[in-house]
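J.: Fold the following, please.
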Amino acid sequence: MLITTAQRRARLVERHYLTGSAPDVETAVAGVVALHSSDPISPYLSVGARVAGFTVADLDRALFADRTLWRLHAMRRTLFVVPAGQAAMFDVAAGRAIAERERTRLVKWLRADLSGRAAASLLDDAEAAVIEELAGQGELRTAELSERVPALQQTLTVGSGTWTSETPLSSRLLYVMAMEGTIVRTRPAGSWRSSQYHWALASDWFGGLPEPPADGAAALAQRYLERFGPATEHDLRWWAGWGAGATRAALAAAGAVAVELDDGVEAFVAPDDATSPGGVEGDTVAFLPGLDPTPMGWKQRHWYLDDELVPDVFDRNGNVGPTVWWNGRIVGGWGQRPSGVVAFEILTEVPRHVASLVEARAEELTGWFGGEHVTPRFRTPLERRLSALD
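T.: Prediction:
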């Protein structure tokens with residue numbers, strides 16, 4: 001089956017809810033598999049682009065009251081917000097291997113300063129004390145845990161060669177314990193823009209990890225293809241952080257169906273998707289934040305992003321900045337001025353009525369911020385330029 005670029009763009013708009021048609025937060029998150037959360041503002045703005053009438057309180061409710069979403073490390077050692085019921089899938093498919101590597105590195109760093117026996121004893125005692133404190137207190141910030149568990153104040157020399165730094169054990173141990181599903185990040189220590197969180201026992205907060213699927217990689221590959229297909233093997237390999245062999249095995253186990261793209265490249269869709277190109281009619285404009293899962297969902301992006309626009313909307317490390325979308329492709333970017341006004345720039349030719357739609361959306365987003373000013377953690381040339389205006 002042939003799937004054209006026009007069909008891919010239409011599917012993207014429909015399946016990623018770029019029409020703003022997701023009925024609730026949970027549907028919006030599931031629609032893109034997982035939300036990038038390395039920048040704390042990204043999940044809020046990503047959901048806001050997909051759910052009409054969204055407020056910050058809506059995502060807070062899902063994260064902290066209903067607890068239908070889980071913030072955890074998964075693909076590519078990146079922090080994501082995922083459906084809580086699928087946390088075990090992300091753990092088995094990506095998080096567990098990363099956690100093992102991170103624990104090995106932590107032990108290595110600790111043993112560089114202490115004997116093997118002393119390092120093991122310190123680590124065991126610190127973990128046990130963290131669990132005991134959280135069991136008694138419910139939620140605690142890193143600073144509060146460090147006050148109660150002095151071992152967390154032990155200094156580590158991390159890195160190697162000329163790239164080393166000193167850091168407290170707390171910053172690494174809590175990170176690893178969260179990767180292993182023992183503890184979980186809960187409420188931010190400040191506003192919704194804060195990246196400092198409280199910690200709680202996962203067993204108390206969620207009741208522990210749900211039962212994992214028999215084949216986590218196959219399950220994750222299928223979920224990815226359902227929302228991002230057609231995608232190439234290279235796309236999935238990059239997105240999941242797997243090696244070539246693991247990616248091919250996951251595609252085979254998921255029953256992925258090969259299709260042809262209009263540039264002649266082979267791609268894959270989910271098994272039940274082979275005969276349903278899908279699509280949405282009409283003009284659709286969306287303002288997506290930096291690190292939004294839609295532009296970060298494929299390695300090969302030429303079909304929705306002209307090559308000459310890449311230096312404007314991506315940084316040198318491959319992180320996307322705030323983007324403006326029209327009918328399933330990136331046509332510009334946006335930033336927030338010091339006054340709070342959302343400024344935009346259209347980087348490619350669009351019809352006049354589309355430019356009007358973009359302007360209206362910028363005004364709507366300015367109103368949504370309500371005077372609050374946010375700065376993306378990973379800044380791009382275009383966002384910096386627009387944010388400097390006033």
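
J.: going forward, measure contacts between C-alpha atoms and count neighbours the same way
T.: OK.

J.: For Val259, identify the helix or strand it belongs to.
T.: Assigned by DSSP states H and E, Val259 belongs to strand 257-261.

J.: nope, Thr186 is what I was after
T.: Going by DSSP H and E, Thr186 is in strand 183-188.

J.: what does that strand contact?
T.: 63-64, 70-72, 139, 174, 177-178, 194-203, 205 (Cα atoms under 8 Å, 6 or more residues apart in numbering).

J.: which of those count as buried?
T.: 63-64, 70-72, 139, 174, 177-178, 196-202, 205 (16 or more other Cα atoms under 10 Å).

J.: Return the subset of those lying in strands.
T.: 70-72, 197-201 (DSSP state E).

J.: what about Ala217, neighbour count?
T.: 25 (other Cα atoms under 10 Å).

J.: Just confirm it is within a helix.
T.: Yes - counting by DSSP: H, G, I helix; E, B strand; the rest coil, Ala217 is found in a helix.

J.: hmm, back to that, from the ones in strands among the buried ones among the contacts of strand 183-188, which is closest to Gly245?
T.: Of all these, the one sitting nearest Gly245 is Leu72; the distance, using Cα to Cα, is 25.2 Å.

J.: What pairs with the longest strand along the chain, parallel or antiparallel?
T.: For the chain, the strand that runs over the most residues, judged by DSSP E, is strand 329-336. Note on strand 329-336: by DSSP bridges, its sheet partners are strand 323-326 (antiparallel), strand 342-346 (antiparallel).

J.: Point out the most buried one among those strands.
T.: strand 323-326 (a mean of 24; mean count of other Cα atoms under 10 Å).

J.: Which residues does that one contact?
T.: Under Cα under 8 Å, 6+ apart, the answer for strand 323-326 is 283-290, 313, 330-334, 344, 346, 354, 358.

J.: Of those residues, grab the buried ones for ChimeraX.
T.: Selection of buried members from the contacts of strand 323-326 for ChimeraX, criterion 16+ other Cα under 10 Å:
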select :284,285,286,287,288,289,290,313,330,331,332,333,334,344,346,354,358
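
J.: about what we covered before: mind listing residues that contact the longest strand of the chain?
T.: Counting by Cα under 8 Å, 6+ apart, 9, 287, 303-306, 313, 321-325, 342-350, 373-375, 382-384, 386-387 sit against strand 329-336.

J.: So which of these belong to strands?
T.: Filtering those for strands - DSSP E - leaves 287, 323-325, 342-346.

J.: which sections of this structure are below the confidence cut-off?
T.: Residues of the chain meeting the criterion pLDDT under 70: 274-281.

J.: domain assignment for it?
T.: 85-205, 285-387 (automatic domain parsing).

J.: Out of the ones you listed, which one sits most buried?
T.: By mean count of other Cα under 10 Å, those have domain 285-387 as the most buried, with a mean of 19.

J.: Figure out the length between the terminal residues of it.
T.: 21 Å (Cα to Cα, to the nearest Å).

J.: Repeat that for stretch 135-145.
T.: 12 Å.

J.: And stretch 185-202, by the same measure?
T.: 9 Å.

J.: And for stretch 45-59?
T.: 10 Å.
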